[in-house]
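Asker: Got a sequence here, can you model it:
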Amino acid sequence: MHSLDLNDLPFLQEESLRVFRWLLAEYPEMEKAKSPAQEKLTKLTTEQTESLSFPIRWNIEKNGQILEWVVSDMGSVTLRLGGSEGNRRNPAPIFYLSLRKSDKGEFHWTDPEGNPVPFPDPSIHKDIQNRIQLYIDSI
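Answerer: Got it, this is the predicted structure:
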């Protein structure tokens, strides 16, 4: 993998916003959001999302569990425990992807082991659901 430089930061932020918009459309926030600032995420226009401060967070409910999406401006996406459980310091991720730069200077979404992942792509839904189910089965 190739190291990042300052010229990569605008691309990372742009890609993070693109992925945020896709995730929010696919996994809308809960009706009762965690904070007043989060209650309006789904109503923001594309121009307004560009002015959001990172990390961008919102809660969802899946299989009776409250989970939180976290999108950073450095090209990482995390699904972790939400609600009161998520208030613990650094709750373990249920699902995680990050942008990595190849030796050729190209960026690819990868899992924690460094394997390329098609993202954002509808095929990722199955992996996300499997990770959520794995967490639920473990509690």
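
Asker: Beta-bridge partners for residue 69, please?
Answerer: Listed by DSSP bridges, the beta-bridge partners for residue 69 are residue 58, residue 79.

Asker: can you pull the contacts of it?
Answerer: Residues in contact with residue 69 (CB atoms under 8 Å, 6 or more residues apart in numbering) are 23-24, 27, 56-60, 77-79. (Glycine included, C-beta is placed from N, CA and C.)

Asker: repeat that for 6 Å
Answerer: Residues near residue 69 by CB atoms under 6 Å, 6 or more residues apart in numbering: 23, 58, 79.

Asker: Buried members of these into PyMOL, please.
Answerer: To isolate the buried ones among those in PyMOL, judged by 16 or more other CB atoms under 10 Å, type:
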select buried, resi 23+58+79
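
Asker: which of the contacts of residue 69 lies closest to residue 131?
Answerer: Using CB to CB, residue 79 comes nearest to residue 131 of the contacts of residue 69, at 7.2 Å.

Asker: can you pull the pLDDT of that closest one?
Answerer: Note for residue 79: predicted pLDDT of 97.

Asker: Go ahead and confirm it touches residue 97.
Answerer: No: between residue 79 and residue 97 there is no contact under CB atoms under 6 Å: 9.4 Å.

Asker: Count the neighbours of residue 63 for me.
Answerer: Using other CB atoms under 10 Å, residue 63 has 10 other residues around it.
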